[in-house]
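Asks: have a look at this fold, sequence not included:
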Ligand SMILES: [Zn+2]
């Protein structure tokens, strides 16, 4: 399968960071508008290359890249534009349903309140939806190493039935357990938000266990280190430990981000990544981009890489996309329509 073919297929995206998906040209224009002079270069091509070098695997460079994108996303106008363009870009890539996440607290340096940040992003998504028909929903993210997770959830409360569908924890996993954020997870569930937590990327099975057992996560961001609770010989999963069995048997969807995992060193080569083995062992796998700018990927490219690497066919891909729709946190009528009328038929034909 080539990228063009993949682009023509309707796709579903559950794990994509707003501040990791800006257009390089937009970064330059916004930096100019807000007077941000911290960019490593003001040459468009050089800037693009600089961001793509995030794949060199340097964590410092990776974090610096987010510092730049976040720096230019501090006004309602900038947030609206970035959100709108994310929707337009995802639509152009053949994405029909997406849940895009961002951390409201990161965008308050210019004086905005978290609620105003959320409002601006939702308005941008709404404009993209009106223009293209893409179904866009929002996940609010708090950072594990910060202490304001409950305030992040509280800020999302007015938007629970207006586009915000879930709560997420991101940031460094090791040393910053879900247990530090239980009030936020509880409040999210009380408000009726879905819970999906980054776990099993920077830390092992215990982190996944905590996300499920204590955080009440219905989905796991990444989650691929669940293979550490299995006998995985690098090709197939032979025997499952009790946690891995639970993740499989309770049908906990894993938001797998193949390219991102390669760039951050979770897997050394595509072939060494457990995606294919997890799928064959019966886990609920979905395909995701994580950070389109820093990883230099689109969902179509992720799909193509997964197909090439793991020998998937259209039925496998269709299963991933249907699983993603069924695992979504947006309104069921929307997801059911897409499943029955758009995604299902496209992969069956
Ligand atoms: Zn992520």
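Replies: Now that the structure is in, tell me what you want to look at. The structure presented is a predicted model; accordingly, all values stated were derived computationally and were not measured.

Asks: which residues in this structure form strands?
Replies: When secondary structure is read from DSSP state E, the chain shows strands at 11-17, 95-102, 135-143, 164-170, 194-199, 219-222, 230-232, 237-240, 254-256, 285-287.

Asks: could you dump the ones you listed into a markdown table and include distance to residue 62?
Replies: Backbone N, C-alpha and C define where each C-beta goes, glycine included. Below are the strands of the chain laid out as a markdown table (distance: least, CB to CB, whole Å):
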| stretch | distance to residue 62 |
| --- | --- |
| strand 11-17 | 12 |
| strand 95-102 | 17 |
| strand 135-143 | 15 |
| strand 164-170 | 13 |
| strand 194-199 | 14 |
| strand 219-222 | 15 |
| strand 230-232 | 26 |
| strand 237-240 | 29 |
| strand 254-256 | 19 |
| strand 285-287 | 21 |
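
Asks: out of those strands, which is closest to residue 322?
Replies: strand 11-17 (8.2 Å; CB to CB).

Asks: run through the neighbouring helices and strands of that closest one.
Replies: helix 76-92, strand 95-102, strand 219-222, strand 285-287, helix 299-310, helix 314-327 (3 or more CB pairs under 8 Å, 6 or more residues apart in numbering; DSSP states H and E).

Asks: so that strand versus helix 299-310, what angle?
Replies: Angular relation of strand 11-17 and helix 299-310 on a 0 to 180 degree scale: 100 degrees, by axes from the mean of the first three to the mean of the last three CA atoms, to 10 degrees.

Asks: would you mark the buried spots in strand 11-17?
Replies: Buried positions in strand 11-17, judged by neighbour count with 16 or more other CB atoms under 10 Å: 11, 12, 13, 14, 15, 16, 17.

Asks: how near is the third one to residue 143?
Replies: Spelled out, it's residue 13. Separation of residue 13 from residue 143 (CB to CB, to the nearest Å): 22 Å.

Asks: picking that back up, okay, the strands of the chain in TSV with mean pLDDT next?
Replies: What follows is the strands of the chain, written out as TSV (pLDDT from 0 to 100):
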stretch	mean pLDDT
strand 11-17	98
strand 95-102	98
strand 135-143	98
strand 164-170	98
strand 194-199	98
strand 219-222	98
strand 230-232	97
strand 237-240	96
strand 254-256	98
strand 285-287	98
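
Asks: excluding residues flanking it in the chain, which one is nearest residue 42?
Replies: In this structure, residue 42 finds its nearest non-sequential neighbour in residue 28, 6.3 Å apart by CB to CB, 6 or more residues apart in numbering.

Asks: could you report the neighbour count for that neighbour?
Replies: Look at residue 28: counted by other CB atoms under 10 Å, it has 18 neighbours.

Asks: verify the stated contact: residue 112 with residue 76.
Replies: Yes. Checked against CB atoms under 8 Å, the pair residue 112 and residue 76 is within contact range at 6.9 Å.

Asks: name the residues contacting each of those two.
Replies: Both residue 112 and residue 76 are in contact with residue 120, where contact means CB atoms under 8 Å, 6 or more residues apart in numbering.

Asks: pretty sure residue 178 contacts residue 195?
Replies: No. Applying CB under 8 Å as the test, residue 178 and residue 195 come out as separate, 10.0 Å apart.

Asks: now do the shared contacts for these two.
Replies: Between them, residue 178 and residue 195 share the neighbouring residues 185, 215, with contact defined by CB under 8 Å, 6+ apart.

Asks: among those two, which residue is more densely surrounded?
Replies: Ranked by neighbour count (other CB under 10 Å), residue 178 and residue 195 place residue 178 first, with 27 against 24.

Asks: could you measure that one against residue 308, distance?
Replies: 35 Å.

Asks: OK, contacts around residue 112?
Replies: Contacts for residue 112 were tallied using CB under 8 Å, 6+ apart; they are 74, 75, 76, 120.

Asks: for it, give its distance to residue 79.
Replies: Where residue 79 is concerned, residue 112 sits at a distance of 8 Å (CB to CB).

Asks: between the two, what contacts are shared?
Replies: residue 120.

Asks: for the helix ranked longest in the chain, packing partners?
Replies: The helix spanning the most residues in the chain, taking DSSP state H as the definition, is helix 114-132. Helix 114-132 sits against helix 76-92, strand 135-143, helix 149-156, with contacts defined as 3+ CB pairs under 8 Å, 6+ apart.
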